[in-house]
Every structure is written in structure tokens, then in C-alpha cells.
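# no sequence on this one, just coordinates:
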């Protein structure tokens, strides 16, 4: 077994193995995708191949130079028409939509990162850059869903917990129940009516946050607004909220990079080009404790819950 390496991986929606395996010419990651969901990431590399494992015993690699796909078992190039109907004998799942998305992206030479840690490399040639965030919010000790074991579908309470963490860190508000983050999460899980099967509805999220805050101090009455549709608020409204130090939780559509998911946002970077403007919101995504970004897309963002301290 000298030619093999056995490694352990963490439990997360996406685990990258490039460094752990010491890879130099390929990218391998483990991704957890729900039943019926399309692969949420299409991206490319200038130097490395990307290897896709889609179940059973079949592995495919995408050649970055030509965009062709090779079956690593047979070393044969696989055409898009055959991929649409390709199934192995041990797995009857239909992966045709995933491969259609892969081919469509490569045909358009699309480059869509999985998780954005820094949007600037994707924004060449911009005329100006505007950056705003809630005071000290980028340094708050945000939590992830993995920090609270035993529950599933709890991205709503986790986003609300991160909002409270930032309120304490940035504003000095005394909103941490008994000073313990776990107690904050447990209480918000109850008040927001989180259902492990269906998650949290936006109206319950807003009312649950309001219930939590007013139980701590009546001065917070009215701090939480009823949820709004992102399409009604718009990108300018969301940026205005940041400028006015208003906390925001975004409900993402299932078609987003994160799937159906809640994230807490506390800032933005606005890249102004000659003929377009791209706005990336800084987020605590509940999957990673660091700051990540998500590109504003009204078609991928559903609702907004806001809190003004």
C-alpha cells in the first residue's frame, strides 16, 4: 500500500483535499449535495485538472485547455450526448443536469468560484471600488453550523446567532443570553420555530429574533422589521442598510451557490466598471468562520430580515 495515502476529512458541505493530499496537477474535493439539487459550483483552473466523482466507480477529469471530459477508468473522451444518459450499473441516479451545467459553463468559458474569499481577482479593469461594513464586523468571532451539533436545517438560527455575536462585538449590545453562545443559539432555535425538515420560514425568523431580543430587554422592541423581499429592497437598499449600521440576514434561493440557505451580511465591496457595477456582500455563511463574499443577484436572493440596534 506504499502508493496510497489514507487521510481523514472533516464533516462539511465542501472539503478541499489539494493540500492534504499534496496534489500538484489536480484538484479534488468532497462535496455534499442534496437529492435533486444541481451541482452548485462550476469553475476552472489555469494549471490543474478538476476531477469529478459522480457515484459508483466512474471518475471524470475536465481538460482546462480543451474543455473535453475524459473517463479516467477507460481514458476515453466522453461526449456531452453520452454523458446525459450515462449511468453505471451500481447507481441509478440521474446526473445529466449536473453534466449539462458543466458543459454549458465550459462552452461559455465561465469562471464561477465555489466560495469567494476575495472578489478582487475577478474584477479586472474596474474604475472605482467602494468598501463599507458595519464597524469592526469583519473581526467578530462568527460561528458555523458545525459548532452546534444535534440539529439539521438550522442555518436560520445560526445566522441569527452570528447577528447577536456581531451586535455584542461591534455595538457592545448586551444580547448574549447568559453570556453563552450555545444558549443564544438554543433559544433562537426555539423562538424562530426551526424545523429540521423544512428549516426556518422568514416570517418566523424575523418574529423569533424579535421575541428573543425583547425577552432580554424591552428597549429592543421594534428593532426587528418584518421580512422584506430582496427584489423590493434592491442592491442600493441593502448597501444603504450597511451604511446605516443595520444588520441583515439574507435568505438565499436553492439555485444559489449555497443552495437554500440563510447567511448574515455586514458589509459590501462595490466594483464600478464602465458599463456595469458588481456588488459583493460580506457574509458569515454558517459554513466557515471567516469572512466570505456573495455576488448580489436578485434572482438568487429571496428575503431579507433586518435589525437596527
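Nice, I can see it. Computed from a predicted model, the values in this text were never measured in an experiment.

# tell me the phi and psi of the residue nearest the centre of the chain?
What sits nearest the mean C-alpha location of the chain, by Cα atoms, centre = their mean, is residue 258, with 3.8 Å. Per-residue torsions, residue 258: phi -90, psi 0 (degrees, to the nearest 10).

# show me the contacts for the nearest residue to it once chain neighbours are set aside.
In space, and not counting its chain neighbours, residue 258 is closest to residue 252: 5.2 Å by Cβ to Cβ, 6 or more residues apart in numbering. C-beta coordinates here come from the backbone N, C-alpha and C atoms, glycine included. Counting by Cβ atoms under 8 Å, 6 or more residues apart in numbering, residue 252 touches 258-263, 294, 300-302.

# do residue 130 as well
Residue 130 makes contacts with 269-270, 272, as judged by Cβ under 8 Å, 6+ apart.

# drop anything exposed from those.
Neighbour counting over those (16 or more other Cβ atoms under 10 Å) leaves 269-270 as the buried ones.

# now, among the contacts of residue 130, which is nearest to residue 168?
For the contacts of residue 130, the residue nearest residue 168 by Cβ to Cβ is residue 269; the value is 24.8 Å.

# assign the closest one to helix, strand or coil.
strand (DSSP: H, G, I helix; E, B strand; the rest coil).

# average model confidence for stretch 174-193?
The average of the pLDDT scores along stretch 174-193 is 92.

# next, the buried residues of it.
So, applying 16+ other Cβ under 10 Å, buried residues of stretch 174-193: 175-177, 181, 184-189, 191-193.

# number of residues surrounding residue 280?
22 (other Cβ atoms under 10 Å).

# from memory it sits against residue 120, does it?
No. Contact between residue 280 and residue 120 fails when scored by Cβ atoms under 8 Å: they sit 9.3 Å apart.

# which residues are common contacts for these two?
Common neighbours of residue 280 and residue 120 (Cβ under 8 Å, 6+ apart) are residue 269.

# still on that earlier bit, narrow the buried residues of stretch 174-193 to those in strands?
Judged by DSSP state E, strands contain none of the buried residues of stretch 174-193.

# need the residues you listed in JSON lines (columns: distance to residue 205).
Output for these, formatted as JSON lines (distance: Cβ to Cβ, whole Å):
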{"residue": "175", "distance to residue 205": "16"}
{"residue": "176", "distance to residue 205": "19"}
{"residue": "177", "distance to residue 205": "17"}
{"residue": "181", "distance to residue 205": "18"}
{"residue": "184", "distance to residue 205": "15"}
{"residue": "185", "distance to residue 205": "14"}
{"residue": "186", "distance to residue 205": "16"}
{"residue": "187", "distance to residue 205": "14"}
{"residue": "188", "distance to residue 205": "9"}
{"residue": "189", "distance to residue 205": "11"}
{"residue": "191", "distance to residue 205": "9"}
{"residue": "192", "distance to residue 205": "5"}
{"residue": "193", "distance to residue 205": "9"}
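
# now, which of those residues sits nearest residue 231?
Once Cβ to Cβ is applied, the member of these that ends up nearest residue 231 is residue 192, at 22.9 Å.

# distance of the closest one relative to residue 153?
Per Cβ to Cβ, to the nearest Å, residue 192 is found 11 Å from residue 153.

# same thing with residue 126?
38 Å.

# so what sits against both of residue 192 and residue 153?
With Cβ under 8 Å, 6+ apart as the test, residue 192 and residue 153 both reach residue 200.

# which of the buried residues of stretch 174-193 sit farthest apart?
For these, the maximum inter-member distance is 21.3 Å, found between 176 and 193 (Cβ to Cβ).

# roughly how far does residue 200 sit from residue 150?
On the measure of Cβ to Cβ, residue 200 and residue 150 end up 16 Å apart.

# from the contacts of residue 130, which is closest to residue 240?
The closest of the contacts of residue 130, once distances to residue 240 are taken by Cβ to Cβ, is residue 270, at 12.0 Å.

# what sits against that closest one?
Applying Cβ under 8 Å, 6+ apart to residue 270 gives the contacts 129-131, 239, 277-279.
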